[in-house]
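Predicted structure and sequence below. I'll ask about it afterward.
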Amino acid sequence: MSYPTRAFPSVPVTFTGQSLVSHAGAKVLCDFIDALGFRQLCEERLGQFVPAGAIHRPGRVLGSLAVMLAAGGEHASDLDILRSSPGVFGQLPSNATVSRFFERTVTNPELFSYGMETLTRELRTRAWNAAGNRNPALAATAADPLIIDLDATLVTSHSDKENVAGNYKGGYGFAPFIATADYGTGNGSGEILACVLRPGNAGANSAEDHIRVFHTAIAQLPHGFYDETGALAGEKVLVRTDSAGASRKFLWHLHSLGVQFSTSYTLPVGKAHMIDWITDKEYWQPALDQHGHDRSDAWVINATDIIPLTDYPPGTKLFLRAEPLHPGAQPSLLDADGHRITALLTNSPRWHGPFLDARHRARGRCENRIKTLKNTGLGKLPFFDFAANQAWANIAALAFNLVSWLQLTALPDAHHAKAWDIKRWRYRIFATAGKIITRARRNQLLLPESAPEKNLLKLLVENTGRLKRLLPAPG
């Protein structure tokens, strides 16, 4: 007699009343939130958006939404996954309570935005201070500034929502403008400083929008980036953009604040003849890869004296990069001798072209942060009101940042989990199952010994406990 071969063991399924927790690993994020004093800060900044006698205070509402989004949820109704385990996550607000909270944000969106900005700035200050020598504010200097990436993206949304519009790709929705902080290679995923929602037809190269999102972003920086008079220490900040940020108005504005910039630059077609000497590499330097090693097939040169710049801030330098066309790439008018020519503008006090080029090309990490932000709530804007969707975008940014701050404060240098994407955090950490037991009349959460990331979970639990002792106790 032959028996069928199954792909998986056949195990009978029954339901139980035991206290099983499907996302027990997210407990480390809850402990981290409590270590930051999140509840008290929310009460101080956003208490007016909850009725005085309400059981669910703003700290519980925002905290539960942020944990849910970080753990993989997409809608407010996904709180059910955490709501089913009150022993770990507490009594969470109902969907109706969450809906009423967002309705109140619509009545005074400026006040809510200001409250969220001051809340996240204080959380960032506490998290960075708890990071010790990994504090990005301590590492920022004129030679090695904190890098703020500015970039716009598109979010598809239903056509009956407020302020949606068609975009240049033929879609419909919003075009949020996002500012992110880059920690550098191997130092974590970076974080979101600002997410400004705009209609889908908003232009990507608007100088006014660049200025607005830049000021929203620097308002999020801790006090270490400001002097005793409250003025921004611009030399500690570098703004990095694509060619949409190369407008003279925006660069002059950065120059007036003493801020460094590094922006892609589209060479005018009329100046194409000035790079015909591309075949002569005598004065070119080998380009660097992201590990600092010379490349044999790409070169960089300072072309400021060859291609003059008009009406740009003093000290602006123009660097060209040449590399062979990739297979399948479409040639352009500026390609020379089979090489693709790209350019960047910078006022950095450093003059080593290959370093400046490699630093600018690392702007690609900004795209990863935007993709992660979309996977943490920005990709699903659930409300009709524009202000409510802006509030949701701010909470999505908070969810992103909580994971980034956890990496920054609770993980040692060069730890492999610092380079993890949010989806890996969800699958390897947050989705870890557990069980609640009662021992000595106290509830205790049990995690499996066989968990693939047992050592990392143990490290996170220990270090978040240490943070609770280091950071200010909540009032």
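Looks like it came in fine.

Per-residue pLDDT of the residue nearest to residue 50 when sequence neighbours are not counted, please?
Take residue 50 and drop its neighbours on the chain: the residue closest to it by Cβ to Cβ, 6 or more residues apart in numbering is residue 58, 5.2 Å away. All C-beta spots, glycine's among them, are computed from the backbone N, C-alpha and C. On pLDDT, residue 58 comes in at 94.

please renumber so the chain begins at 401
From this message on, residue numbering opens at 401, which makes the last subject residue 458.

how far away is residue 458 from residue 620?
19 Å (Cβ to Cβ, to the nearest Å).

go on, residue 703?
In terms of Cβ to Cβ, residue 703 sits 35 Å off from residue 620.

And for residue 504?
23 Å.

Compare the two and say which is more crowded by neighbours.
Taking other Cβ atoms under 10 Å, residue 504 and residue 620 do not tie; residue 620 has more neighbours (23 against 17).

Low-confidence regions, the stretch 551-700 of the chain specifically.
For the stretch 551-700 of the chain, the stretches with pLDDT under 70 are 586-587, 669-681.

tell me the helices in it, going along the chain?
Applying DSSP state H, counting those that start in this stretch to the stretch 551-700 of the chain gives helices spanning 607-618, 648-656.

Format those as JSON lines; extra columns: distance to residue 839 and mean neighbour count.
Converted to JSON lines, the helices of the stretch 551-700 of the chain look like this (distance: least, Cβ to Cβ, whole Å; neighbours: other Cβ atoms under 10 Å):
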{"stretch": "helix 607-618", "distance to residue 839": "47", "mean neighbour count": "19"}
{"stretch": "helix 648-656", "distance to residue 839": "58", "mean neighbour count": "18"}
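
any chance of these in a markdown table, plus distance to residue 786?
Converted to a markdown table, these look like this (distance: least, Cβ to Cβ, whole Å):
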| stretch | distance to residue 786 |
| --- | --- |
| helix 607-618 | 16 |
| helix 648-656 | 25 |
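
So residue 493 is in contact with residue 463, correct?
No. The criterion here is Cβ atoms under 8 Å, and residue 493 misses it with residue 463 at 10.3 Å.

Do a quick rundown of the strands in the stretch 751-875 of the chain.
In order along the chain, the stretch 751-875 of the chain carries the following strands (DSSP state E, counting those that start in this stretch): 834-839, 842-846.

what's the closest of the ones you listed to residue 473?
With Cβ to Cβ as the measure, strand 834-839 is the member of the strands of the stretch 751-875 of the chain nearest residue 473 (18.2 Å).

Counting by contacts, list what that closest one packs against.
For strand 834-839, the packing partners by 3 or more Cβ pairs under 8 Å, 6 or more residues apart in numbering; DSSP states H and E come out as strand 420-421, helix 486-489, strand 842-846.

who does the last one pair up with?
Strand 842-846 has its sheet partners listed here by DSSP bridges as strand 834-839 (antiparallel).

With the first one instead?
Sheet pairing here is set by DSSP bridges, and for strand 420-421 it gives strand 834-839 (antiparallel).

Test my guess that residue 783 contacts residue 792.
Yes. Contact criterion Cβ under 8 Å: residue 783 and residue 792 qualify, at 6.6 Å.

Now do the shared contacts for these two.
residue 502 (Cβ atoms under 8 Å, 6 or more residues apart in numbering).

Which of these two has more residues huddled nearby?
The neighbour count for residue 783 versus residue 792, taken as other Cβ under 10 Å, is higher for residue 792 (23 against 19).

Am I right that the more buried one is in contact with residue 501?
No. If you go by Cβ under 8 Å, residue 792 and residue 501 don't touch, sitting 11.0 Å apart.

what's around residue 816, how many residues?
9.

Would you mind measuring from it to residue 828?
Relative to residue 828, and taking Cβ to Cβ, residue 816 is found at 11 Å.

mind checking the longest helix of this protein?
Once the chain is assigned using DSSP state H, the helix that runs over the most residues is helix 786-810.

Which strands or helices does that helix pack on?
Against helix 786-810 (3+ Cβ pairs under 8 Å, 6+ apart) you get helix 427-435, helix 458-470, helix 495-507, helix 509-530, strand 591-596, helix 764-773, helix 822-825, helix 854-870.

who wins for proximity to residue 746 among those?
The nearest among the helices and strands packed on helix 786-810, by Cβ to Cβ, is helix 764-773 at 16.5 Å.

Name the residues of that closest one that are buried.
When burial is assessed from 16 or more other Cβ atoms under 10 Å, helix 764-773 yields the following buried residues: 765, 766, 769, 770, 772, 773.

Show the pLDDT at residue 402.
Per-residue pLDDT puts residue 402 at 63.

How about residue 728?
67.

again, but for the one 3 residues further on
The predicted local confidence for residue 731 comes out at a pLDDT of 66.

Count residues in the vicinity of the nearest residue to residue 624 once chain neighbours are set aside, would you?
Ranked by Cβ to Cβ, 6+ apart and with sequence neighbours excluded, the top spatial neighbour of residue 624 is residue 537, at 3.6 Å. Neighbour count for residue 537, taken as other Cβ under 10 Å: 18.

so which strand or helix has residue 537?
Taking DSSP states H and E as the definition, one finds residue 537 inside helix 536-539.

Work out the gap between that helix and the centre of the chain.
Here helix 536-539 shows a centroid-to-chain-centroid distance of 17 Å under the convention Cα atoms, centre = their mean, to the nearest Å.

tell me what it is packed against?
strand 546-552.

what does stretch 600-617 contact?
Residues contacting stretch 600-617 (Cβ under 8 Å, 6+ apart): 517, 548, 550, 552, 554, 557, 564-568, 571-575, 577-579, 593-594, 596, 598, 639, 641, 643-645, 647, 649-650, 653-654.

let's see 6 Å
Here stretch 600-617 makes contact (Cβ atoms under 6 Å, 6 or more residues apart in numbering) with 548, 552, 564-567, 573-575, 577, 579, 593-594, 596, 644-645, 647, 649-650, 653.

what do you get for stretch 713-733?
651-652, 655, 669, 672, 678, 697-704, 707, 709, 738-747, 753, 757.

I'd like the distance from it to the chain centre, please.
With Cα atoms, centre = their mean, you get 28 Å for stretch 713-733.

Ok, stretch 422-442 next?
That offset, for stretch 422-442, works out to 19 Å (Cα atoms, centre = their mean).

For that stretch, which residues meet the burial criterion?
Applying 16+ other Cβ under 10 Å to stretch 422-442 flags 422-439, 441-442 as buried.

distance of residue 774 from residue 575?
13 Å.

what does residue 710 give?
With Cβ to Cβ as the criterion, residue 710 and residue 575 are 30 Å apart.

more neighbours, the two?
Ranked by neighbour count (other Cβ under 10 Å), residue 710 and residue 575 place residue 575 first, with 23 against 5.
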